[in-house]
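> A structural model of the following input is requested.
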Amino acid sequence: MLVAVGRTEKPPLAVEWIWGGDTPAFASIGSDGLLLWTLQDSFLEQRSVPLSDREPGLPCTALTVDPSGVLLVAEAPEKATASGSNSESHTRVWHIEVADGEEGVSASMVQVAVIPGSSTVTGMAASEHHALVGTDQGTLIRFSLSAEPGMSDVVVATSASTIWFVGMQALAVSPGVGASLAAAGWRDRFVVFPAPWDDPSCTAIAEYDVPLRDGDHELDGDRNSLSPDVPALLAFVGSGTKLLTYSSPLLLGAVLVFDYRLSAVVRRVRIPQMVRSLALSPDGELLLLGTMKRGAFMVHLASGNTEFLDGHTQGPVTAVAFSSDGRYAVTAASSVLMMWDAPTLLRKLKPPPPPPPPRTVWDV
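Predicted coordinates for the structure are as follows:
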């Protein structure tokens, strides 16, 4: 089931697949900046991609990929300098196209947004034409991926929305060409709203609040006392469902499957560890959960069957992802990244079909 292993100097914050196939490639971000990874026999080869002329390069804080495989990457805020062109603090967002040529993987990039001030981008999500960017100061920005460089149609949330989005940790956009919904998650709640939206207040069409008591677990004490290293997580389930998955440290190892048409939880998946990272296969059959310890769990969403992916010797598993063709999954913990054979895991987890009904004399 384990296909290949790669190493980096510092733990990745996020990973996203660029393409699958016979020569798969994915990207990771973190204190090392942006790294591109390709499969070479049984190991993962990395290449660093500098995003600006600044030396040393800035860390990257958020990463997403649109349906065509184009990356969006946010750098850490660049502090103002006493002189020169950098007179104000700002955060850059980059639009990066990756290609596989005869000389290997190459990347071309354009700066698509500059967020003034010292805001850190904490979440991003992209559909075919639009992207959402959320910051630690509660600003939610929408911009068009089809606009000319310069992104003149950047829309910044109003002051009311800025207050509403403070503390947001997760963003997701429904998959597929006709994607029209987005979700934003906090530790204690999430909301689903139209995206791109016409109303800057981002009126919710569905929402969920984590109760004070969840199942058999008592949530004692202040909710803010939990480790800040365990974020809220969100992901839509496939392109043909009305479901999304949500995890929070307040749920103590549970993942909720939520029907946003009904505004109801329709299923719960539980694992024996806190969930640190989450990804769904493109068809929505498999759920990959990284934990706060050293392992990950692959879950068949329909049946609840679970397989523990052992191999990481240190934790937490900070990032997980599936390739767009569903052939591979990747887990990242500490300085080690592991690529897994997803179809083999699916065959192991998927229940066999029920036996045919017994024949009777009337069938003869």
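
> From now on I want contacts and neighbour counts done on CA atoms only, so please keep to that.
Will do.

> Point to the helix or strand of this structure where mean pLDDT is at its lowest.
strand 155-156 (a mean of 38; mean pLDDT, DSSP states H and E).

> Strands of the stretch 51-200 of the chain, residue ranges please.
All strands of the stretch 51-200 of the chain, identified by DSSP state E, counting those that start in this stretch, fall at 60-65, 71-75, 90-101, 104-116, 121-126, 130-135, 140-144, 155-156, 170-173, 181-185, 189-194.

> cool, and the stretch 251-364 of the chain?
Under DSSP E, counting those that start in this stretch, the stretch 251-364 of the chain gives strands at 254-259, 264-270, 275-280, 286-291, 296-300, 306-309, 317-322, 328-333, 336-341.

> To Leu2, which of those strands lies closest?
Closest approach to Leu2 among those (C-alpha to C-alpha): strand 336-341, 4.6 Å.

> which residues are contacting the closest one?
Contact with strand 336-341 is made by 1-8, 11, 312, 327-332, as judged by C-alpha atoms under 8 Å, 6 or more residues apart in numbering.

> pull the CA atoms of it into CSV?
The C-alpha coordinates for strand 336-341 follow below in CSV (Å, rounded to 0.1, in the frame of the first residue of the first chain):
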residue,chain,number,x,y,z
VAL,A,336,8.4,12.7,6.3
LEU,A,337,5.9,12.5,3.4
MET,A,338,4.4,9.2,2.4
MET,A,339,2.5,8.3,-0.8
TRP,A,340,-0.2,5.5,-0.6
ASP,A,341,-2.0,3.3,-3.1
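
> Quick one: low-confidence residue ranges for the chain.
The model of the chain has pLDDT under 70 over residues 55, 80-87, 145-165, 176-179, 196-202, 213-227, 361-364.

> For it, which helix extends over the most residues?
helix 342-349 (DSSP state H).

> That one - contacts with which helices or strands?
strand 296-300, strand 306-309, strand 328-333 (3 or more C-alpha pairs under 8 Å, 6 or more residues apart in numbering; DSSP states H and E).

> Return the most buried member of those.
strand 328-333 (a mean of 28; mean count of other C-alpha atoms under 10 Å).

> how many degrees apart are that strand and strand 275-280 in direction?
170 degrees (axes from the mean of the first three to the mean of the last three C-alpha atoms, to 10 degrees).

> Quick one: residues contacting the nearest residue to Thr91 once chain neighbours are set aside.
Spatially, and ignoring its direct neighbours in sequence, Thr91 is nearest to Pro77 (4.4 Å; C-alpha to C-alpha, 6 or more residues apart in numbering). Neighbouring residues of Pro77 by C-alpha under 8 Å, 6+ apart: Ser89, His90, Thr91, Arg92, Gly117, Ser118, Ser119, Thr120.

> before we move on, the earlier item: so can I have a markdown table of the strands of the stretch 251-364 of the chain showing distance to Ser42?
Below are the strands of the stretch 251-364 of the chain laid out as a markdown table (distance: least, C-alpha to C-alpha, whole Å):
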| stretch | distance to Ser42 |
| --- | --- |
| strand 254-259 | 32 |
| strand 264-270 | 32 |
| strand 275-280 | 23 |
| strand 286-291 | 22 |
| strand 296-300 | 20 |
| strand 306-309 | 18 |
| strand 317-322 | 18 |
| strand 328-333 | 13 |
| strand 336-341 | 10 |
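
> quick one, which of those strands is nearest to Ala232?
strand 275-280 (8.4 Å).

> Next, the angle strand 254-259 makes with the closest one.
40 degrees.

> Would you mind writing the CA trace of strand 275-280 as PDB?
Presented in PDB, the C-alpha positions along strand 275-280 are these (Å, rounded to 0.1, in the frame of the first residue of the first chain):
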ATOM      1  CA  VAL A 275      -8.100  14.600  14.100                       C
ATOM      2  CA  ARG A 276      -5.400  16.900  12.800                       C
ATOM      3  CA  SER A 277      -6.000  16.800   9.000                       C
ATOM      4  CA  LEU A 278      -8.700  15.600   6.700                       C
ATOM      5  CA  ALA A 279      -9.200  14.900   3.000                       C
ATOM      6  CA  LEU A 280     -11.800  13.100   0.800                       C
END
